[in-house]
Structures are given as C-alpha cells and as structure tokens.
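S.K.: 3D, please:
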Amino acid sequence: MPAKVLDGRYKLIKQIGAGGFGHTFIARDMRRPGSPPCVVKQLKPASDDPNFIREARRLFNTEAETLEKLGNHDQIPQLLAYFEEDKQFFLVQEFVEGQSLYDELKASLPDVSDLENASQERLLAELANIDAPARDKQLSEVEVLKILKDVLEVLEFVHSEGVIHRDIKPDNLIRRKKDQKIILIDFGAVKAMQDANTKLAADEKGESRFTVTIGTPGYMPSEQCAGRPTYNSDIYALGMVAIKAITGYGPTDLPTDLATGELVWRDKAQVSNGLAMVLTRMVRYHYTQRYQSVRDVNQGIATFATMTEVERQATTSKIVRSTILTGTTNLANSQAETSYKSSSQTRRSVPASASASSNSGVLFLFGGLLAVVAVIAAFVLPSMMRNNQSSVIVNNQPIPIKPITTEASSNPTTVNSNAPVNQVVALEANKEFLVIPNKILGDATHTYTVQAKSGQLLSTAITGSGLLFTILNSQGVPLSNAVNVMNVDVPIPADGAYVVQLRGIGGTTEIPYQLKLGLKDIAIAQPTAIPTSTPLTSPLVPPTPTTGNPPMLTPTPVATPTQAPPPPQIEIKVRKTP
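M.R.: Numbers count the residues shown, from 1 in each chain. I've put the predicted structure just below:
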C-alpha cells in the first residue's frame, strides 16, 4: 500500500505516537530539496462526542497559534504548516533529531539469561522487592543542573510571551543530537495567561462547555489540577523532572508528608544541600511557597547549587563580617586611640637627650639607638623609683561598661528590599547572638540558611512590625513549632541545613528589621551569672519564649545592685618632688 501524501507534499513515513486527540507521524516534505523530514500531527479524537471533538479542535488550534508565536526560539520546534483535509486537521512542524528524556532515563530490562544463572540469594532478593516501585537510571548532579539551565532558558522565553506550557515531563523534553541541548515540544496543552480568569462558556441550552484535564499526574501541581495554573506550575513540573532524574523514581512512586503534603525525596539521592534546597522549593505543595519566576530559580541555582564548599564558606564569612564590621571597627579604633594616648604620655615623661635636641645633623643610626634607650628607660626608671614613693588610697568609682553589640552599623549597606534575599549564615555554637539588619517589602521573601547539628538549640527572634518567619528543615518542610512566629527556640532533631524564611504579612511599605540568630549545644548549655556591670537588658540576648522542649535548667541567681560587692580600690602612688 503506497504511503499517504497529505496536502500534495507531506509523505507519511512512520507513526511515532498516539494520544487522546490524534496521531503523530514522521513525514517527508516532497516540495523541499532533499525531502527533509518533518513531524505531522493529525487531529483524530478518541471520542465521537461532539463536545470532546470541539475541545480537541480548540486545543489543536491553540498549539498551532502558539508554535507560530514561539517558533522563533532555537529550543522550540518551528511551525511549518497547518491545514484541513477531508474534515481532518493537520499540523506540520520541524523535526528534531534526538532522544527524549523519558527514553534516556528508562532503565533497561534485565537479561533473562542473567536470571537463569543467578544465585538463590539474588533470586530471593528480587522476589522480596518485586512489589517495590521500579527505579530508572539516575543522572549525576552536574547533568541535572545542565537540564535545569537548558529548560529554564526556554521557559523564561515562553513565560515572557504570556504562555504556560502545562505539560512539562520527560516525554516532552528532547535532547537534540547535534548539540545536546534540551528542546521543549508538545504545546498542545498550553494556556494563555490572558484567558486565565475566563470561565467556562455556556451553550444555548445552558450547559457548560466540555473540558478535559490538562497535564500529567505527578508532574501537575495542585492548583493546575483545580484548573488554575500559574507560571510556577511549570516550575513545579520541571522540579519534578529533575527529582525524577536524580532519584530514578517517578513522582507518583515517591512518598509525601501526610501533615504538609510535601514530597519526601531527599533520602533517595546523593545530592548536595544547595541543589536539594533549590529543588525542594521548586516542588512545594502550595504555589505561594515556590519560586515565583524563572529568574528566581536561576538566582537560587547561582546562589546555592553551583557553589563549591570553599566558595560557600567564603561567601558565608563575607556575610557575617558585613554584619559586625562596624561594631568591631569602632571597638578597635577606641582601643587604638587609648593605646596611642598612653604611649604618648609615656614618651613625654622621659627627658630628651640634650645632644639630640641641639645637634640636628646626628646620624639616623645614632637616633635609632637613642630611641631604644628611651623606651627601655621608660619602663626601668619608674620601677626603680617606685620604692621611694608614698602611697595614697583613693576610692575609685565603678566605670559602667558599655555592652558590645554586633548589631547594624549607623550606616548599613543598602539593598533592594524588593529583591529576594538568599544568604548562608555561619553560626558558632555557644557564641553570642548574630544580628542581621535588613529591609523588606511586604511581598518579598528573605531566607537565611544555617547549618546545625542534632542536639543543638536554634534561637531566633525578629524585631520589626508586620513580619513573621518560618523555619524549614533540610527537606524544605516547615517545623511544626516554628511556622509564622516572631521568636522561637527550636531543638535540632537531625544534622543538616535549616532555613529561616522571613516574609512580610502584606502591604507595600518598606519595613526595617533585625534578625537575631543563635546556636548552642543543649547538653552543655548552662546559665551564667550576669556581671553587675552589664545591663540586664542586653540587646544581644532577646527574651524569646521557648516553644520546644529543651531540658530544664536551674538558673543561677543574679545579684541585685544592693548586694553587689564594693568597688575595687586602686592604689595610686604619688611621686614626691624634691
């Protein structure tokens, strides 16, 4: 039977797919030099229901219009033709030579001969795991990052045109053979954002128009299942593709947290904390807690996923130094000024050499020797004369000690309060609180990542009106006792990275805040008496209520001002003048 030719030019060669709306063929364009291959999609709905056919035709037309609009991008197939023949609709687009991620990740079936020669132990192990979900091939972290960057590049273009793809999955991502780039195909499920709020139209009988569920289970977030997709619905699907590639398990084979609905996948892969944090945020159950745009995802990858441990430590050190630089600089300047005054007074108390003051032509070496002798004399002569000096006892009043704080400097570095903040903070256990000053708009999100160990207590507090924060564990799941709070002490259950996610509660006013972070070992944490010279309301230790269940500690009583010991007496010796 001769091959069918459509529109007098497209010769069908091979069927490569079939779905609910039609078939897909590889064809050759007989009117172009060399008869290059192309892809022909035929609208052939699986149901004869008129409403179903009408909806299929609408989606088919949408795909043609979208490809015409987006086909100029190098990673989107170009639309070549769109026509109707024998009451059937056909769409012709560019052929991409390559392999889909679905085929690339699919694990090969074991050879039957291998099982015949297998030991009894192996056969028993295979039988024990016969009901376990199938695990496909796993890709390395570098390969997954390459896929993410490729798809994010084309998604940024698609979203900029006001279009949501709605069906990102391994089957629709083709690794192009000539340059190994990822190509995004199958725009039959796209949704234009300008129609996002359009309700189903009713026909003349008052019945709603027939609709179909768009998307693939496992790669489709909750808001898309409800018919309200957003831009970060595509981000969710791409995150699921990356998790599938790095774990080998499909989304429907991975468990979810019953309390939060979040996907539990971290224990199924060897992955760095940085990439795990990015992927976890991409696939958060509620769309408001995900990255809101492709630009945010790229920023998260640049901040966490592509940094080596050395670079991450260097960045952390810079962040910490920037928060305490002014306080330590002022302290150092104060100490240097005191030291300078003291040394100046010492030098003035030593009589100068007469020959040095009268002879301006003395050699440099001789002057250096005189300086050495003068310094030695400044220390030796007072000690020799001390025995002949009378002593006078003077009551010295206690000097109030100003507490040293690591809070913000008088001129903190200004940042864009509307931009997302993602910082890694290095905290040392059993040290003073670290104070991070910043500003935030009501619709922005600031995150601070802290490495903590099991058995430690993470203390957090926020000062500033209209602000709340949530602490997330290494899986990106909020801790039950640290959701939308202003201050909390959280016992650390397991080693890992914990994220303090700060968010405004509405409004567009810029709000300054100070985030205070502290980390201590519960096992060795003991309260210490507060010196009488240090104010009890030190800004370094905010009064944060404990929401966890740390061990009960018996505080040491603090002496009241009336019980304080008398100020120390200083002995001052007065030199007698002859």
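S.K.: which residues of the stretch 151-300 of the chain score low on pLDDT?
M.R.: Where the stretch 151-300 of the chain drops to pLDDT under 70, the residues are 189-213.
S.K.: how about a cut-off of 80?
M.R.: Low-confidence segments of the stretch 151-300 of the chain (pLDDT under 80): 188-215.
S.K.: next one: the stretch 1-150 of the chain
M.R.: Across the stretch 1-150 of the chain, residues meeting the criterion (pLDDT under 80) sit at 1-3, 18-22, 44-48, 52-53, 56, 86-87, 107-133.
S.K.: how far away is the closest residue in space to residue 273 that isn't next to it in sequence from residue 294?
M.R.: Counting by CB to CB, 6 or more residues apart in numbering, residue 497 is the residue found nearest to residue 273 once chain neighbours are left out, at 4.7 Å. Where you see a C-beta, it was placed from the backbone N, CA and C, and this is true even at glycine. In this view, residue 497 and residue 294 are 24 Å apart by CB to CB, to the nearest Å.
S.K.: how is the chain divided into domains?
M.R.: 1-95, 97-106+135-195+214-306, 394-525+538-546+570-578 (automatic domain parsing).
S.K.: what's opposite residue 421 in the beta bridge?
M.R.: Taking DSSP bridges as the rule, residue 421 bridges to residue 446.
S.K.: tell me who's in contact with it.
M.R.: Taking CB atoms under 8 Å, 6 or more residues apart in numbering, we find residue 421 in contact with 415, 438, 440, 444, 445, 446, 447, 448.
S.K.: and the longest strand for the protein?
M.R.: When the chain is parsed with DSSP state E, its longest strand is strand 511-521.
S.K.: where exactly do the helices run in the stretch 51-200 of the chain?
M.R.: Here the stretch 51-200 of the chain has its helices, by DSSP state H, counting those that start in this stretch, at 101-105, 112-116, 120-128, 141-160.
S.K.: and for the stretch 351-500 of the chain?
M.R.: With DSSP H, counting those that start in this stretch, the ranges of helices along the stretch 351-500 of the chain come out as 354-358, 364-385.
S.K.: where among these is the average confidence lowest?
M.R.: Mean pLDDT across the helices of the stretch 351-500 of the chain is lowest at helix 354-358; the value there is a mean of 41.
S.K.: sorry, back to before: export the domains of the chain to CSV and append columns for distance to residue 124.
M.R.: Supplementary listing: these in CSV, determined by distance: least, CB to CB, whole Å:
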stretch, distance to residue 124
domain 1-95, 40
domain 97-106+135-195+214-306, 19
domain 394-525+538-546+570-578, 33
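S.K.: okay, those domains, which one's buried deepest?
M.R.: Highest mean neighbour count of the domains of the chain: domain 97-106+135-195+214-306, a mean of 19 (counted as mean count of other CB atoms under 10 Å).
S.K.: put the alpha carbons of stretch 456-475 into CSV.
M.R.: What follows is stretch 456-475, C-alpha atoms only, in CSV (Å, rounded to 0.1, in the frame of the first residue of the first chain):
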residue,chain,number,x,y,z
GLN,A,456,21.7,21.8,69.4
LEU,A,457,19.2,24.6,70.0
LEU,A,458,18.5,27.2,67.3
SER,A,459,17.3,30.5,68.8
THR,A,460,15.7,33.0,66.5
ALA,A,461,13.9,36.4,67.0
ILE,A,462,12.8,39.2,64.7
THR,A,463,12.3,42.8,65.6
GLY,A,464,10.1,44.8,63.2
SER,A,465,6.4,45.3,62.8
GLY,A,466,4.4,43.3,60.2
LEU,A,467,6.9,40.5,59.9
LEU,A,468,6.8,36.7,60.5
PHE,A,469,9.2,33.9,59.8
THR,A,470,9.1,30.2,59.4
ILE,A,471,11.9,27.7,60.0
LEU,A,472,12.3,24.9,57.4
ASN,A,473,14.3,21.7,57.8
SER,A,474,16.7,20.3,55.2
GLN,A,475,13.8,18.8,53.3
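S.K.: same question for that stretch, mean pLDDT?
M.R.: Mean pLDDT, computed over stretch 456-475, is 82.
S.K.: any idea how far residue 451 is from residue 6?
M.R.: Here residue 451 is placed at a distance of 61 Å from residue 6 (CB to CB).
S.K.: kindly report the same for residue 487.
M.R.: Distance, residue 487 to residue 6, using CB to CB: 69 Å.
S.K.: run through the stretch 301-450 of the chain and note the low-pLDDT ranges.
M.R.: 305-421, 441-444.
S.K.: surely residue 44 touches residue 23?
M.R.: Yes - with contact defined as CB atoms under 8 Å, residue 44 reaches residue 23; the gap is 5.8 Å.
S.K.: picking that back up, and the longest strand of the chain, what does it pack onto?
M.R.: Using 3 or more CB pairs under 8 Å, 6 or more residues apart in numbering; DSSP states H and E as the contact criterion, the elements in contact with strand 511-521 are strand 434-440, strand 445-452, strand 456-463, strand 467-472, strand 496-504.
S.K.: quick one, helices of the stretch 201-350 of the chain?
M.R.: If DSSP H, counting those that start in this stretch is used as the criterion, the helices of the stretch 201-350 of the chain fall at 222-225, 231-247, 273-282, 294-300, 309-348.
S.K.: just the CA atoms of the shortest one, as CSV, please.
M.R.: Listed in CSV are the C-alpha atoms of helix 222-225, where the atom choice follows Å, rounded to 0.1, in the frame of the first residue of the first chain:
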residue,chain,number,x,y,z
SER,A,222,-2.5,21.0,42.9
GLU,A,223,-3.5,24.4,41.5
GLN,A,224,-3.3,23.1,38.0
CYS,A,225,-5.5,20.1,38.9
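S.K.: so what touches that helix?
M.R.: Outside of helix 222-225, the residues within contact range by CB under 8 Å, 6+ apart are 166, 213, 214, 215, 229, 230, 233, 261, 285, 286, 287.
S.K.: narrow these to those in strands?
M.R.: Using DSSP E, none of these sit in strands.
S.K.: which one of those residues is nearest to residue 121?
M.R.: Distance to residue 121 across the contacts of helix 222-225 (CB to CB) is lowest for residue 261, with 39.4 Å.
S.K.: next up, phi/psi of the residue lying closest to the closest one once chain neighbours are set aside, please.
M.R.: Nearest non-adjacent residue to residue 261, counting by CB to CB, 6+ apart: residue 285, 4.0 Å away. Per-residue torsions, residue 285: phi -60, psi -50 (degrees, to the nearest 10).
S.K.: residue 285: what's it in contact with?
M.R.: 221, 222, 260, 261, 262, 263.
S.K.: quick one: residue 188 from residue 35, how far?
M.R.: Distance from residue 188 to residue 35, by CB to CB: 26 Å.
S.K.: also residue 434?
M.R.: Residue 434 sits at a distance of 69 Å from residue 35 (criterion: CB to CB).
S.K.: do residue 270 as well
M.R.: Going from residue 270 to residue 35 by CB to CB gives 47 Å.
S.K.: returning to what we had before: quick one: the residue nearest to residue 261 from residue 476, how far?
M.R.: To residue 476, residue 285 is 10 Å away according to CB to CB.
S.K.: what sits in contact with each of these two?
M.R.: residue 262.
S.K.: before we move on, back to that, which among the contacts of helix 222-225 gets closest to residue 52?
M.R.: residue 213 (12.6 Å).
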